[in-house]
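Asker: here's my sequence, what's the structure:
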Amino acid sequence: MIAVRQRFTPLQRLLHWLIAVCILAMLFIGVGMVSTVMPKFLPLIAIHKSLGIAILVLALIRLAVRLRYGAPALPTDLPKPMKLAAYLSHYALYALMIGMPLLGWAMLSAAAYPVVVFGGMYLPAILPQSDSLHTSLWDAHFCLAFAFFGLVLMHVAAALFHALVRRDGVFETMASVSVSTHDEVVPAE
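Answerer: Below is the predicted model:
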């Protein structure tokens, strides 16, 4: 008989929270980049590129670990539309965690910009130089960033819903802390 896991593995939780911090930083850096022409623009670009590649690598590792170890089952009483939303949103998150850095890399390649990450590592161009392709990829990267931000907000809202409203244990599968599923009564001594 195979035991059903109640939580994600420690490696899965570590990757989740590490990627979450990177994505939040990336979103704020992205907003800062497109809203300034100040001297801080170039350092933000450098951080954005490196962080994007880090997210790509971590997301690929996370996907491999997820395929190897799976995930805890959702509560049996969770309505089917919510289960479907959970599955689809996770597919979308993985697609964006992998697709957005690749799109950025392709965009820079199409502009013939060097893709320098982590202060000195050069990545090869993955597309030929093309101004029109660069423009299209920039537009896609920009629009998908808003979709990604919206999806992250929905993910956080769903996590809080499970933790504070449903109290069904879904939040605890990924959290480092436990949220009580009922009002605890401590017996008097």
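Asker: residues near residue 175, how many?
Answerer: For residue 175, the neighbour count with other C-beta atoms under 10 Å is 17. Where C-beta positions appear, they are placed from N, C-alpha and C, glycine not excepted.
Asker: is it in a helix, a strand, or coil?
Answerer: coil (DSSP: H, G, I helix; E, B strand; the rest coil).
Asker: tell me the pLDDT of it.
Answerer: Per-residue confidence at residue 175 stands at 89 (pLDDT).
Asker: excluding chain neighbours, what is closest to it?
Answerer: Nearest residue to residue 175, sequence neighbours excluded (C-beta to C-beta, 6 or more residues apart in numbering): residue 163, at 7.5 Å.
Asker: surely the one you found touches residue 169?
Answerer: No - with contact defined as C-beta atoms under 8 Å, residue 163 and residue 169 do not form a contacting pair (9.5 Å).
Asker: neighbours of residue 160, how many?
Answerer: The burial count for residue 160: 12, using other C-beta under 10 Å.
Asker: and it, that one's in a helix?
Answerer: Yes - using three-state DSSP, the assignment for residue 160 is a helix.
Asker: gap between stretch 109-125 and the chain center?
Answerer: Centroid displacement of stretch 109-125 relative to its chain, using C-alpha atoms, centre = their mean, to the nearest Å, is 22 Å.
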